[in-house]
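Asker: structure, please.
(chains A and B)
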Amino acid sequence: EDQVTQSPEALRLQEGESSSLNCSYTVSGLRGLFWYRQDPGKGPEFLFTLYSAGEEKEKERLKATLTKKESFLHITAPKPEDSATYLCAVPSNQAGTALIFGKGTTLSVSS
Amino acid sequence: DGGITQSPKYLFRKEGQNVTLSCEQNLNHDAMYWYRQDPGQGLRLIYYSQIVNDFQKGDIAEGYSVSREKKESFPLTVTSAQKNPTAFYLCASSRDTSSSYEQYFGPGTRLTVT
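Answerer: This is a model prediction of the structure:
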């Protein structure tokens, strides 16, 4: 069964304290791995797509990496405005181009 | 500006009533999706449509219905048969149905049923 697991569930950081979020997946024939940011009460905002092991993408203080079994979202020197829930997703093999989402990691950055 | 709109943002209904959530996109995307999000849970797929006049059930379709009469519109009806309808509902669309293109989401509708 296709599955996405994110850890930790919650992460509290001080401003400037770098860390990583993990997304592990079990799906045959990966057709991409997607990272989203979601603020409370809003729809997810697309961040990155990764397609193959070894690929990396960067945006401001965020860098996403992909291996054959997991992806990491590295946050370098975070700021309070980076506080949000980060969601990871992969395409389902049973539902066309629909995505299977992990439960997310809620990041809180304090100044 | 291109994007996805959902209305209303908040919706309150009495138990036993059907309610329809609106989703419109002007991105010219072929595929559209409905997800449900509960506190502490990931997004779960309700229905998806890859082309006009065709749609497929997702993991939790029971108690819901959809239609896709126009490319731009994919309304979701929450029926009285849905046992726990109170949730945050998200509509999304994606560019292509032959590859895995990223999905773009609307702002969501929060439905409360009492």
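
Asker: tell me the centre residue of chain B?
Answerer: B:W34 (2.8 Å; Cα atoms, centre = their mean).

Asker: so which residues on chain B come close to chain A?
Answerer: Contact residues (Cβ under 8 Å from any Cβ of the partner chain) of chain B with chain A: B:4, B:6, B:31, B:33, B:35, B:40-45, B:48, B:50, B:56, B:58-59, B:88, B:90, B:92, B:94, B:96-97, B:99-108, B:110. C-betas here are computed from N, CA, C, even on glycine.

Asker: next SSE downstream of whichever strand or helix holds the residue nearest to the centre of chain B?
Answerer: Assigned by DSSP states H and E, B:W34 belongs to strand B:31-37. Next helix or strand after strand B:31-37 toward the C-terminus (DSSP H and E): strand B:43-51.

Asker: strand partners (parallel or antiparallel) of that next one?
Answerer: The pairing partners recorded for strand B:43-51 under DSSP bridges are strand B:31-37 (antiparallel), strand B:54-57 (antiparallel).

Asker: state the mean pLDDT of the longest one.
Answerer: It stands for strand B:31-37. Strand B:31-37 shows a mean pLDDT of 96.

Asker: chain center to it, what's the gap?
Answerer: Relative to its parent chain, strand B:31-37 has a centroid offset of 4 Å by Cα atoms, centre = their mean, to the nearest Å.

Asker: can you list the strands that the lowest-mean-pLDDT helix or strand in chain A pairs with?
Answerer: Ranked by mean pLDDT, DSSP states H and E, the weakest helix or strand in chain A is strand A:99-101, scoring a mean of 92. Strand A:99-101 has the following strand partners under DSSP bridges: strand A:84-91 (antiparallel).

Asker: each with direction, which strands does the helix or strand harbouring A:R37 pair with?
Answerer: Per DSSP H and E, A:R37 falls inside strand A:33-38. Counting by DSSP bridges, the strands paired with strand A:33-38 are strand A:45-50 (antiparallel), strand A:84-91 (antiparallel).

Asker: highest average neighbour count across those strands?
Answerer: Of all those, strand A:84-91 has the most neighbours on average by mean count of other Cβ atoms under 10 Å in any protein chain shown, namely a mean of 24.

Asker: starting at the chain centroid, how far to it?
Answerer: Distance, centroid of strand A:84-91 to centroid of chain: 5 Å (Cα atoms, centre = their mean).

Asker: what does that strand contact?
Answerer: For strand A:84-91, contacts defined as Cβ atoms under 8 Å, 6 or more residues apart in numbering or on different chains pick out A:2, A:4, A:6, A:21, A:23, A:25, A:27, A:30-40, A:44, A:47, A:71, A:73, A:97-102, A:104-107, B:42-43, B:100.
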